[in-house]
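Engineer: output the structure for:
(one chain, ligands or ions: 2)
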Amino acid sequence: MNPGVTRIRFHGRGGQGMKTASRIVGTATAMDGHNAQDSPVYGAERRGAPMSAYVRIADGPIFERGFIPSPDIVVVADDTLLDDPTARPLAGLRPTGVLLISTTHPVDAVRSRTRHAGAIVATDFLSLALSAGAGPISVSTALAAAVAHVLGLPERTVAEAIRTELGAAHVSAAGIDRSVELAARVREAAPVVSLPVASVDRPIVPGVKLTEVTYLSPEAGTASIGVEANTTRRRTGTWRVFRPVIDLARCTRCWICFVRCPDGAIALDADDTPRIDDDVCKGCLICVEECPTGAITSTREVRPWHDAELVT
Ligand code: SF4
Ligand code: SF4
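Structural biologist: Ligands and ions are numbered 1, 2, ... in the order given. You can find the predicted model right below:
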């Protein structure tokens, strides 16, 4: 796992704006000069259904992707999610992590209910949003502002991120102003809990892989059609005009090329090193585009002619 990454997991219900909250935090972090990655995950798209969103922050490159199983900060937009077996917002939260929850219950009650040993910020963020005249969905802005406060991001930067993200969501100018005002109120109301950006430097579970990727030959997913050009024996390596070349010194073993190759031409060795099967690689160069470290480049394919007669 990437060292030096702060991981934040947002939990909410469809319609509570947790995707927007994650975007505001990610954008504010990037505006403050750090690297940020944010991504929401929806189940069935319907209002009220549990959803989650993820933000990773670091001062160096971020190679991880997707779901965050062991967050440093968990944000809960609605305390009914604590009892929802499909949401499980506390799952994997580090014992020293921060739980930030919108609830009408006091911190002691939240601690005894959740048994979380780390810092807890339990505030009625929904009432703060309503009293600011910003509407119920603005609980998202309130929670984003609270997370930004925990991370130590400057107030002006957070306000700029709110304007950027709510503007992109076509919120009216008056609505954006109310949200910026709400963020200022949150900074005054939220208890001081600090987990500065990139202060976290631990592997998720030392020595344990989160996932095991298995490799199947590309033929396993190929239909066996009885036409010569479409059989599994058609070696698409002959289509190649440009050849991808991996510089293993720059490869971080993120496996993105392995996942994205449309023909399954990239396999992983026992040590997770990607290898390209020249018989199958058709030279589409998607892997060159997708590799986040620039470890894959392309070179012109030049083949010698063989002696066999041309088929005419
Ligand atoms: S070559 Fe690039 S995309 Fe493939 S595993 Fe290495 S770093 Fe990741
Ligand atoms: S060039 Fe295309 S087919 Fe070849 S390994 Fe890269 S993604 Fe796969």
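
Engineer: all strands for the stretch 151-300 of the chain, in order.
Structural biologist: In the stretch 151-300 of the chain, strands defined by DSSP state E, counting those that start in this stretch lie at 242-246, 266-268, 274-276, 296-300, listed in chain order.

Engineer: pLDDT at Cys291, what is it?
Structural biologist: pLDDT recorded at Cys291 is 95.

Engineer: how far away from the center of its chain is the longest helix seen in the chain?
Structural biologist: Of all the elements of type helix in the chain, the one with the most residues (DSSP state H) is helix 173-189. In terms of C-alpha atoms, centre = their mean, to the nearest Å, the gap separating the centre of helix 173-189 from the centre of its chain is 26 Å.

Engineer: on that earlier part again, out of the strands of the stretch 151-300 of the chain, which gets the lowest mean score?
Structural biologist: Across the strands of the stretch 151-300 of the chain, the stretch with the lowest average pLDDT is strand 266-268; it has a mean of 90.

Engineer: who does that strand touch, helix- and strand-wise?
Structural biologist: Judged by 3 or more C-beta pairs under 8 Å, 6 or more residues apart in numbering; DSSP states H and E, the packing partners of strand 266-268 are helix 256-260, strand 274-276. Heads up, the C-betas are built off the backbone N, CA and C, glycines and all.

Engineer: for that strand, give me every contacting residue.
Structural biologist: By C-beta atoms under 8 Å, 6 or more residues apart in numbering, the residues outside strand 266-268 that reach it are 213, 215, 255, 257-258, 274-277, 281, 287.

Engineer: rerun at 7 Å
Structural biologist: Outside strand 266-268, the residues that touch it by C-beta atoms under 7 Å, 6 or more residues apart in numbering are 213, 215, 255, 257-258, 274-277, 287.

Engineer: so what strands line up beside the lowest-mean-pLDDT helix or strand in the chain?
Structural biologist: Comparing helices and strands within the chain by mean pLDDT, DSSP states H and E singles out strand 35-41 as the least confident, with a mean of 84. Strand 35-41 sits in its sheet next to strand 50-58 (antiparallel), going by DSSP bridges.

Engineer: about what we covered before: buried residues in the longest helix of the chain, which are they?
Structural biologist: The neighbour-count check on helix 173-189 (16 or more other C-beta atoms under 10 Å) flags 175-176, 178-180, 182-183, 185-186 as buried.

Engineer: would you list the residues you listed in CSV and tack on pLDDT and distance to ligand 1?
Structural biologist: Formatted as CSV, the buried residues of helix 173-189 follow (pLDDT from 0 to 100; distance: C-beta to the nearest ligand atom, whole Å):
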residue, pLDDT, distance to ligand 1
Gly175, 91, 41
Ile176, 92, 38
Arg178, 93, 44
Ser179, 92, 38
Val180, 94, 39
Leu182, 92, 41
Ala183, 92, 37
Arg185, 91, 44
Val186, 89, 39
